[in-house]
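> Pasting the sequence and the predicted model now:
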Amino acid sequence: MARHRNVRGYNYDEDFEDDDLYGQSVEDDYCISPSTAAQFIYSRRDKSSAVDTGEEYDYEDLKESSKSPSNHQLSGVDQACLYSSLDCMREVLGDAVPDEILIEAVLKNKFDVQKALAEVLEQDKIQNLKVKNVGAVSSGKIAKGKSVDSQSSRSDSEIVPKVAKMTVSGKKQTMGFEVPGLTAEENGHSFHTPQKGPPSEDTSIASSDVLESVSKSALLSHTVQASEEQSSTPTPVKKSSKLKQQIDVKAELEKRQGGKQLLNLVVIGHVDAGKSTLMGHMLYLLGNVNKRTMHKYEQESKKAGKASFAYAWVLDETGEERERGVTMDVGMTKFETKTKIITLMDAPGHKDFIPNMITGAAQADVAILVVDASRGEFEAGFETGGQTREHGLLVRSLGVTQLAVAVNKMDQESDVAFIPTSGLSGENLITRSQSNELLKWYKGLCLLEQIDSFKPPQRSIDKPFRLCVSDVFKDQGSGFCVTGKIEAGYIQTGDRLLAMPPNETCTAKGITLHDEPVDWAAAGDHVSLTLVGMDIIKINVGCIFCGPRDPIKACTRFRARILIFNIELPITKGFPVLLHYQTVSEPAVIKRLISVLSKSTGEVTKKKPKFLTKGQNALVELQTQRPIALELYKDFKELGRFMLRYSGSTIAAGVVTEIKE
Ligand code: GDP
């Protein structure tokens, strides 16, 4: 401990420069981070017992005394060797031998510690010296820089320059290790305490005080030390840092926030889920954006052809964000609720800006996950690569456990009902939940009531018979069985049927509905038909049975209007797809790109486009590998619509507009 102080007193620049002669001491005091310092200081504290027991010698005194090695005209290297030798000797001799004798012995023996020790011991003066040393220890230990009184017992010329360098308010030891919050008096307390007990006790008080101070303000000590070395007057740095420490931060925070708590909120979710719009609108409603500004945003966004982004512009501040209609950086705004001050972070949803989103989420306490309820978009957010899923995962991993899910774009989903349920506990299944927690926010139907309130579609019973095959199997007895849903018309046992493809006829020998044999069945029924007069090998899943008088058309080429979903690759001529139609799953290619259509009016906006991109409506021609039976959408909605998939993702939905023979 004391040794380190002594090292501080050294002029490193002159004596050691880059030479780490004094090993750790030099480095530890000057080249460590505060955290490492804390550890190191702790270990130093362990050493304090050595000081207490007098095992470690304080060179402060030595440095400042007339017996200082510097007085022997030693080089820096020799001085270091001398200190090191003295250190070793003190370990053997303790404080019993005065400095001058040890120094003399070391110098005489050219820093050979063993010889020096032998010489000192041989001198047989130890006994006498011990007696002498009682006096030396009783004042000297304290005088080792720890007592102003004892310092003053030396000649001023010896100590003043050093003390001046190290002193703040005249307390030599406290300056480097000031405990923040303590007055100079308190810090220097032990040094003024009149000596009552044995010297070692006082020393221990002093050193423990100092050690305490070190552990509390290692960094401060360096700062003050540095400034001390430039000036002998007390520096304002120390005083101001003391004042800063005295602030009652809790009370100040309370005052600053008007009694409200601070909360960092991040808004996350898939791109275009409406995060910026939602929060921008909320800020506007809260009065954080004035009407004039909002009006300006409305006008400007309209002019830019992005009227629907007016609220998003409240948070999307950069030109690029506004132009692209995506949040790129984390927008930060403040607003208040009844009891909280909220720092709102609007995270980018686009996957290209996930790193920015992580930055936002890492600073958040709580999160709002915005989910787009509209068809296709909801799914996109949950698909692999969808940000509803990824953001949810990210914030959770970053320790945000409190999450609110905002189901957005409800205005587009009049037919969608959201019902909280528990399959396990049976909550809200056939009777409305009585749970107070739930009743706080949910007043809707239970699941059974909701099912009961669905409206059945108009069944096309008046139209020609159509059944799409979902399974084919051999039954006992004659013939074979097919199952499927009757999409249109009705059937009676004994009816003649045409299968398309393969364009062959058969007879319906039996009809089974819900495992019961029936005489007839109609549109909407899931039935099983027992067929005779046809080879089972001719029938596949996806075949359509119809009446021979009103046959369905089978083809390999047809035209369709498609709506393209969230695709990554643009669709070009020859693009391979998998056509999903009723129970059929058939490889196909987009044979021709005929035109791009306006989403709202259906008018052609571009003929023969080179490619189609995300969100476009287009007229295309498709070619399937094998013939499939189709209807025009305008005639049979159920049999005229399909989905296109590519590489495991659904890329478009379409309706048949023209069948090429
Ligand atoms: P973000 O990428 O999640 O920040 O989404 P934006 O706030 O930029 O909104 C994307 C698009 O969704 C914009 O055209 C908005 O007008 C639209 N949008 C946002 N919220 C809603 C909503 O509640 N209903 C409808 N219909 N559109 C919305």
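Right, received. Where do you want to start?
> count of neighbours near Glu427?
Neighbourhood size, Glu427 [other Cβ atoms under 10 Å]: 17. C-betas here are computed from N, CA, C, even on glycine.
> Now do the contacts for Phe378.
371-372, 388 (Cβ atoms under 8 Å, 6 or more residues apart in numbering).
> Which of the three states applies to it?
The three-state assignment at Phe378 reads helix, by DSSP: H, G, I helix; E, B strand; the rest coil.
> Looking at the contacts of Phe378, which is nearest the ligand?
Ranked by distance to the ligand (Cβ to the nearest ligand atom), the contacts of Phe378 are led by Asp372 at 7.6 Å.
> tell me the phi and psi of the residue lying closest to Lys610 once chain neighbours are set aside?
Distances taken as Cβ to Cβ, 6 or more residues apart in numbering put Thr572 closest to Lys610, at 6.9 Å, once the chain neighbours are dropped. Backbone torsions for Thr572, taken as degrees, to the nearest 10, come to phi -120, psi 170.
> tally of neighbours for Thr572?
12.
> What of Lys260?
For Lys260, the tally of surrounding residues (other Cβ under 10 Å) stands at 15.
> can you tell me which residues contact it?
Applying Cβ under 8 Å, 6+ apart, the residues contacting Lys260 are 336, 339-341.
> thinking again about what came up before, show me the contacts of Phe378 that map onto helices.
Judged by DSSP state H, the contacts of Phe378 include Thr388 as members of helices.
> one step back: so the residue nearest to Lys610 makes contact with Ala618?
No - under the criterion of Cβ atoms under 8 Å, Thr572 makes no contact with Ala618, lying 11.9 Å away.
> Mutual contacts of those two, please.
Common neighbours of Thr572 and Ala618 are listed as 593, 612 (criterion: Cβ under 8 Å, 6+ apart).
> How many residues are close by the residue in the chain positioned nearest to the ligand?
Residue nearest to the ligand within the chain (Cβ to the nearest ligand atom): Gly274, separated by 2.8 Å. Residues within reach of Gly274, counting by other Cβ under 10 Å, total 25.
> Just give the closest residue to it, not the sequence neighbours.
Asn408 (4.4 Å).
> What is the burial count for that neighbour?
The number of residues packed near Asn408 is 21, by other Cβ under 10 Å.
> What's the separation between Lys591 and Phe611?
14 Å (Cβ to Cβ, to the nearest Å).
> Now do the contacts for the residue of the chain closest to the ligand.
370, 372, 408-409.
> The ligand next: which of these are close?
Filtering the contacts of Gly274 for proximity to the ligand by Cβ under 6 Å from any ligand atom leaves 408-409.
> among the contacts of Gly274, who's most crowded?
Val370 (28 neighbours).
> Any idea what it is bridged to?
Gly269, Ala406 (DSSP bridges).
> From Lys614, how far off is it?
20 Å.
> for Thr277, same thing?
19 Å.
> higher neighbour count, those two?
Thr277 (22 against 13).
> Backbone dihedrals for Thr613, please?
phi -120, psi 170.
> per-residue confidence for it?
Thr613 carries a pLDDT value of 90.
> What are the neighbouring residues in contact with it?
Listed by Cβ under 8 Å, 6+ apart, the contact set of Thr613 reads 564, 567, 570-571.
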